[in-house]
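**Student:** Below are the sequence and a predicted model for it; my questions follow.
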Amino acid sequence: MAKHNEIKAQYCNDGGSFTTWDKAQHIISENSNPYQYLLGALSGCFYYTFRDIATKKEVSYEKLEFQVKCTKREQIPTTMDNCTMRITAFGVENREAFAQAIDRTCETCSIYYTLNQVAKITVDVEFA
């Protein structure tokens, strides 16, 4: 059965907000933009997919830090063109197993897969 996701949103000239099914509210201000939320969704989905794979494969790490950047096409529609996701991994014991788990995440993360249909996504891993 398909997993159901839903938000409720409201907007006006100086910003807006959306509320998720669990009543968490997310503010969109004049200083933020939808692509910031999109990149946050990409990194969040990637992390939780990775975490599930790492748990199954017994890949250990302390934490991951993401820096995600993108460029958009100039022609309409101005979809994402390129995206770089730089991941700094802390406390990794087995770098080869970690890299394999990252590769598997690239194959199975739903938001990564969706965005990768319109943009070139590069994932770089650095070990701290």
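**Tutor:** On my side now, so go ahead.
**Student:** could you point out the longest helix in this structure?
**Tutor:** helix 34-57 (DSSP state H).
**Student:** Nearest spatial neighbour of the residue nearest the centre of the chain, chain-adjacent residues omitted?
**Tutor:** Centroid-nearest residue in the chain, with CA atoms, centre = their mean: Leu42, separated by 1.7 Å. Leaving aside its chain neighbours, Leu42 sits nearest to Ile111 (5.2 Å; criterion: CB to CB, 6 or more residues apart in numbering). (Glycine included, C-beta is placed from N, CA and C.)
**Student:** Near Ile53, how many other residues are there?
**Tutor:** As a burial measure, Ile53 scores 19 neighbours (other CB atoms under 10 Å).
**Student:** Might one say that it is in contact with Arg104?
**Tutor:** Yes. In terms of CB atoms under 8 Å, Ile53 counts as a neighbour of Arg104; the distance is 5.2 Å.
**Student:** Now for the two: what residues contact both?
**Tutor:** Between them, Ile53 and Arg104 share no contacting residue under CB atoms under 8 Å, 6 or more residues apart in numbering.
**Student:** picking that back up, touching, the residue nearest to the centre of the chain and Thr114? I think so.
**Tutor:** No. Contact criterion CB under 8 Å: Leu42 and Thr114 do not qualify, at 9.2 Å.
**Student:** What are the boundaries of the strands in this protein?
**Tutor:** With strands called from DSSP state E, the chain shows them at 7-12, 15-20, 25-29, 63-72, 80-90, 120-127.
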